[in-house]
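Engineer: with the sequence up front, the predicted model follows.
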Amino acid sequence: KQWYQRRVRGMPPKNKEQKFMLATASQDSTVRLWNAKTGDCLHNYNRHTCAVLSICFSPCGRFLASGSVDRTFKIWGVKDGMLVNNYQGGGVISEVCWNSTGNKIAASSEDTNVIMIELTSESGS
C-alpha cells in the first residue's frame, strides 16, 4: 500500500451524523480526506501541481484549506470535495490557518509575506 501522508490534521465530529475525519497532505500534490474510523478515503483533492505542505480545517468543519509548493492555497468543501476557491501567493505556501470564527484565512509564504483573506459565505466562510 502506498504511503501518502506528509501532514495529518483531525476534525472531531460536530454532531452525531458527522464522521471523525482526518486529512493528509502529500508530496504527490494531493490532499486526502479520510474516515478515521473505517480508513476509507472520502475525497482526493488533486488540483495542486506540486507538494502540499500545509492543511487546516475551518472551525466549523465544513472547509479544508491547503497550501502548496505551487504557490497557491485552496479552500475545499469537506462534504462534496469541490474546490471552493483558489488563491495565488508570491512564493511557496508553507502554512495555512483559519481564525477562530472562520471568516479569515492566513497563508505564509517563503517570500516572507503573510496573505490574509477575509472570506464571504460564497468563498468559504
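Structural biologist: Yep, that arrived.
Engineer: what mean pLDDT does stretch 72-89 have?
Structural biologist: For stretch 72-89, mean pLDDT rounds to 95.
Engineer: span of that stretch from start to end?
Structural biologist: In stretch 72-89, first residue to last residue: 6 Å (Cα to Cα, to the nearest Å).
Engineer: in that stretch, what counts as buried?
Structural biologist: By neighbour count on 16 or more other Cβ atoms under 10 Å, the buried set for stretch 72-89 is 72-76, 78, 84-85, 87, 89. All C-beta atoms are positioned from the backbone trio N, CA, C, and that covers glycine.
Engineer: likewise for stretch 35-51?
Structural biologist: Buried, per 16+ other Cβ under 10 Å, within stretch 35-51: 42-43, 45, 48, 51.
Engineer: farthest pair in the buried residues of stretch 72-89?
Structural biologist: 78 and 89 (22.5 Å; Cβ to Cβ).
Engineer: can you tell me the distance between the two ends of stretch 29-39?
Structural biologist: Note: stretch 29-39 ends 20 Å apart using Cα to Cα.
Engineer: cool, and stretch 68-77?
Structural biologist: 17 Å.
Engineer: centre of the chain to that stretch, how far?
Structural biologist: 7 Å (Cα atoms, centre = their mean, to the nearest Å).
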